[in-house]
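J.: Make a model of this:
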Amino acid sequence: MRHKNSGRKFDRNSSSRRAMLRNLTANLILHERIETTDAKAKELRRVAERLITKARRLGALAYAAQGEMSAADRSRRLAAARLISAYVPHFGVRMDEGGVARRVDIVEKVLVELAKRYRERPGGYTRIVKFGPRRGDNAPMSLIELLGESDAPAVAAKVEAPGAATAKIE
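T.: Predicted coordinates for the structure are as follows:
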């Protein structure tokens, strides 16, 4: 029995499992959407949301300019940046349209873009959409993506739409 043993093993040793999750997390942050197996997506969600929460807890310090911060605030931001960079690689390469490679600072993206995007959201920064089985080995596949800014109003509109439609019918 696996009492009090959280997390999946993926039939790998701990260093291989950690490396796999680090790379998946970096790719999720870099591309904001990746396709993987269901089990890896569910485990990746735990890791990625913890990193985004570390940045989000800084508040406005995460995306403020360095000149506007006091020494104590700069040290808090640096500590959060070091915690994030201890898990994900600092830089990643993304292919833009036209085949142009662009180097992206993953830690700064978490601190600036994602912390600002999710500043009002208490959690649940990712969405897992399940696909069918993979053709080669029949493994269940899913798409894991970071929620965008436009996702919250869309959910609110869907909730209000059925109520409004029934009111018009009556």
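
J.: how about the most centrally placed residue in the chain, what does it touch?
T.: In the chain, the residue lying closest to the centroid (Cα atoms, centre = their mean) is residue 48, at 4.5 Å. Residue 48 makes contact with 25, 28-29, 125-126, 146, according to Cβ atoms under 8 Å, 6 or more residues apart in numbering. Backbone N, C-alpha and C define where each C-beta goes, glycine included.

J.: same question, residue 130
T.: 38, 140-142.

J.: mind redoing it with 10 Å?
T.: 38, 41, 140-143 (Cβ atoms under 10 Å, 6 or more residues apart in numbering).

J.: Am I right that it falls within a strand?
T.: Yes - checked against DSSP: H, G, I helix; E, B strand; the rest coil, residue 130 lies within a strand.

J.: That one and residue 35: what is the separation?
T.: 11 Å (Cβ to Cβ, to the nearest Å).

J.: Equivalent analysis for residue 82, please.
T.: For residue 82, the distance to residue 35 - Cβ to Cβ - is 31 Å.

J.: cool, and residue 66?
T.: 37 Å.

J.: Next, the contact list for the residue nearest to residue 83 when sequence neighbours are not counted, please.
T.: With Cβ to Cβ, 6 or more residues apart in numbering as the criterion, residue 83 has its nearest non-adjacent residue at 5.7 Å, and that residue is residue 54. By Cβ under 10 Å, 6+ apart, the contact list for residue 54 reads 62, 79-81, 83-84, 87, 110-111, 115.

J.: Ok, residue 117 next?
T.: 52, 56, 63, 125, 146-149.

J.: separation between it and residue 100?
T.: Noted for residue 117: a distance of 25 Å to residue 100, by Cβ to Cβ.

J.: quick one: least confident helix or strand in the chain?
T.: helix 151-169 (a mean of 46; mean pLDDT, DSSP states H and E).

J.: Which residue ranges of the chain form strands?
T.: Along the chain, the stretches classed as strands by DSSP state E are 33-37, 91-95, 101-105, 126-133, 140-146.
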